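**Q** What follows is a predicted protein model with its sequence.
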Amino acid sequence: MGGFLNKLLHRGSLRRWRQGAAQAANMPLPQLRQQRNQARVLQEQLNRLIHVADGRLALPQIGSSSFSRPHGTDWSWRPELWRGPMPIPGLSSVPSKSKLGQEITLFHDCEIPELTLRQLRNSREEDLAPFGLRMDVFKFAGSFLSLEVVDLQRETCQGLLRHHLIRVDAIIETEKPLEIFARLNIRHGPNTEQLVRELPLGEKNVTVEYDLAYSNLNEKRIERIWLDLIFEAPDMNRVVLRDLTLCPPPPCQYLRPRHETPKMSDLTVTKIRFHNGTWEGVVQTTAKSGLPPDIQVLFQDKPLEGIALTEGSAFGEWNLHITIPPHAIADGVQTFVIAEGGSGGQKLESFSLIAGEAAVDDMRAEIELLRAELDMLKRAFRRHCVETS
């Protein structure tokens, strides 16, 4: 019964507007003005209905937000231009700050802009986005051309923290190789943080990630996030953005815990001298147990034998003697790392032996030390992965 009544009401409404359109040429102006205002209100709602309906009924499904995203992602976003048809599908001779829909804005400084923007329908089998964006650039005499393609307001940005990564995936086709930069902008309070990545040249499927840990982001005052695509020397080229998505992968808690400060060691090591093949130093500890500290010396990522600890002159002090074995004395740079005992012990001190050619201002010792420290980090990372898997 409800369906029958809806059909009758629809027919009556359609008949009314058909008659109004036929009489518009001779209608009195006050009545015509009233009819126009009513038609505009109706048109806005009809456009919204058509946009959503096309998104649900077309293939590939318009309005689709389906795309590959990491497991555990908090939120994801595909701009509206790639999800559904725009009321105005294209622009020509586009002036700066022109908008295509609510999220796409073009910026440039060219006095005579010989370029066009147009939404196109994706029909390829591999396309997940229903629509794409095509930009044709002819003669371009300006110094910059950028496209603001993602605009997220405060509601969408809630929960974004400095230990997050933000990933941008895009499918970009160009007639000829073109340098493109993706700039992520995050407004927090009166400041705007900007992170820039260059897209791989000549690749269609592009992924870039932004590590917010390297920013000065105020997590509590994030107001807006937007993404700019900057094109270098774009004249006489065509750029087709088949798809564009943005999402944060799960935060790397194991690599960069939020607000977690590394635990400081209770031990400090101070060098005294290196004499007769023995490295001598003093180990100081804040522990009040009176037990000797657990110390190891690593050479080529292996524990070294010949370590002696004797009680010092003051409480909490221990004399450390490290005898260098003959096989550790050779040409080149040999690095020894003094660390706490156990597989995850923190580095306390290090020293190097250089033999053979003179090594004035030689950086090899620094490189060897970095390698030794990297080996320690690798072991700690592998152990953490095993414990948390």
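**A** Perfect, I can see it now. Predicted model, so just to flag it, every value in this text is computed and none were measured.
**Q** wait, doesn't Gly341 sit right on Pro292?
**A** No. Between Gly341 and Pro292 there is no contact, the gap being 10.6 Å when judged by CB atoms under 8 Å. The C-beta positions use only the backbone N, C-alpha and C, and glycine is treated the same way.
**Q** For Ile171, see how far away the residue nearest in space to the middle of the chain is.
**A** By CA atoms, centre = their mean, the chain has its centre lying nearest to Tyr210, at 2.4 Å. As for Tyr210, its distance to Ile171 is 19 Å (criterion: CB to CB, to the nearest Å).
**Q** likewise Val150?
**A** For Val150 relative to Ile171 (CB to CB), the value is 15 Å.
**Q** Could I get the full set of helices for the stretch 1-150 of the chain?
**A** Ranges of helices in the stretch 1-150 of the chain, per DSSP state H, counting those that start in this stretch, are 2-23, 29-57.
**Q** can you redo those helices as CSV with distance to Met135?
**A** Listed next are the helices of the stretch 1-150 of the chain as CSV, based on distance: least, CB to CB, whole Å:
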stretch, distance to Met135
helix 2-23, 37
helix 29-57, 22
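**Q** Now for Leu309: which residues touch it?
**A** By CB atoms under 8 Å, 6 or more residues apart in numbering, the residues touching Leu309 are Val283, Pro292, Pro293, Ile295, Trp318, Asn319, Leu320, His321.
**Q** count of residues packed around the fourth one?
**A** Residue crowding around Ile295 was assessed by other CB atoms under 10 Å; the count is 21.
**Q** From what I see, it and His321 are in contact.
**A** No. If you go by CB under 8 Å, Ile295 and His321 don't touch, sitting 11.0 Å apart.
**Q** what is in contact with these two at once?
**A** Ile307, Leu309.
**Q** Quickly compare the helices of the stretch 1-150 of the chain and say which is most buried.
**A** Of all the helices of the stretch 1-150 of the chain, helix 29-57 carries the top mean neighbour count, a mean of 12, counting by mean count of other CB atoms under 10 Å.
**Q** tell me the mean pLDDT over that one?
**A** For helix 29-57, mean pLDDT rounds to 82.
**Q** what do you get for stretch 291-302?
**A** 84.
**Q** sorry, back to before: next up, the contacts around the residue nearest to the centre of the chain.
**A** Applying CB under 8 Å, 6+ apart, the residues contacting Tyr210 are Leu165, Ile166, Arg167, Val168, Leu184, Leu195, Arg197.
**Q** quick check, nearest of those residues to Leu246?
**A** Val168 (5.3 Å; CB to CB).
**Q** Please report phi then psi for that closest one.
**A** According to degrees, to the nearest 10, the main-chain angles of Val168 amount to phi -120, psi 120.
**Q** Among the contacts of Leu309, which pair sits farthest apart?
**A** The widest separation within these (CB to CB) is 14.0 Å, between Pro293 and His321.
**Q** So these two - more neighbours on which side?
**A** The neighbour comparison of Pro293 against His321 (other CB under 10 Å) goes to Pro293, with 20 against 14.
**Q** Quick check on that one: phi, psi?
**A** Backbone torsions for Pro293, taken as degrees, to the nearest 10, come to phi -70, psi 160.
**Q** That one is in contact with Val269, isn't it?
**A** No. Under the criterion of CB under 8 Å, Pro293 is not in contact with Val269, lying 9.6 Å apart.
**Q** what's the overlap in contacts for these two?
**A** Joint contacts of Pro293 and Val269 (CB under 8 Å, 6+ apart) are Val283.
**Q** if I pick Arg134, what's in contact with it?
**A** Thr116, Leu117, Arg118, Gln119, Leu120, Arg238, Val239, Val240, Leu241.
**Q** Closest to Trp82 out of the residues you listed?
**A** Nearest to Trp82 among these, counting by CB to CB, is Leu241 at 7.8 Å.
**Q** What score does the closest one have for pLDDT?
**A** pLDDT, Leu241: 92.
**Q** For it, name its beta-bridge partners.
**A** Under DSSP bridges, the beta-bridge partners of Leu241 are Leu133, Ile172.
**Q** Next, the contact list for Leu227, please.
**A** Glu148, Val149, Val150, Val168, Ala182, Arg183, Leu184, Asn185, Leu246.
**Q** So which of those residues sit within strands?
**A** Residues of those located in strands (DSSP state E): Glu148, Val149, Val150, Val168, Ala182, Arg183, Leu184, Asn185, Leu246.
**Q** could you flag which of the residues you listed are buried?
**A** Glu148, Val149, Val150, Val168, Ala182, Arg183, Leu184, Asn185, Leu246 (16 or more other CB atoms under 10 Å).
**Q** And those residues, which is closest to His275?
**A** Once CB to CB is applied, the member of these that ends up nearest His275 is Leu184, at 56.4 Å.
**Q** thinking that closest one is in contact with Gln194, fair?
**A** Yes. Counting by CB under 8 Å, Gln194 is a contact partner of Leu184 at 7.2 Å.
**Q** okay, now Thr192: neighbour count?
**A** 12.
**Q** Just the ones in strands from the contacts of Leu309, please.
**A** Per DSSP E, those map to strands at Val283, Ile295, Trp318, Asn319, Leu320, His321.
**Q** what would these look like in JSON lines with distance to Pro87?
**A** Shown next, in JSON lines, are those (distance: CB to CB, whole Å):
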{"residue": "Val283", "distance to Pro87": "75"}
{"residue": "Ile295", "distance to Pro87": "73"}
{"residue": "Trp318", "distance to Pro87": "79"}
{"residue": "Asn319", "distance to Pro87": "82"}
{"residue": "Leu320", "distance to Pro87": "77"}
{"residue": "His321", "distance to Pro87": "82"}
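**Q** Going by distance to Glu305, which of the contacts of Tyr210 wins?
**A** Nearest to Glu305, judged by CB to CB, of the contacts of Tyr210 is Leu165 at 43.8 Å.
**Q** Which strand residues bridge that closest one?
**A** Bridge pairing for Leu165 - DSSP bridges - gives Asp211.
**Q** Starting from Gly312, give me the distance back to it.
**A** 48 Å.
**Q** the more surrounded of those two?
**A** Taking other CB under 10 Å, Leu165 and Gly312 do not tie; Leu165 has more neighbours (17 against 14).
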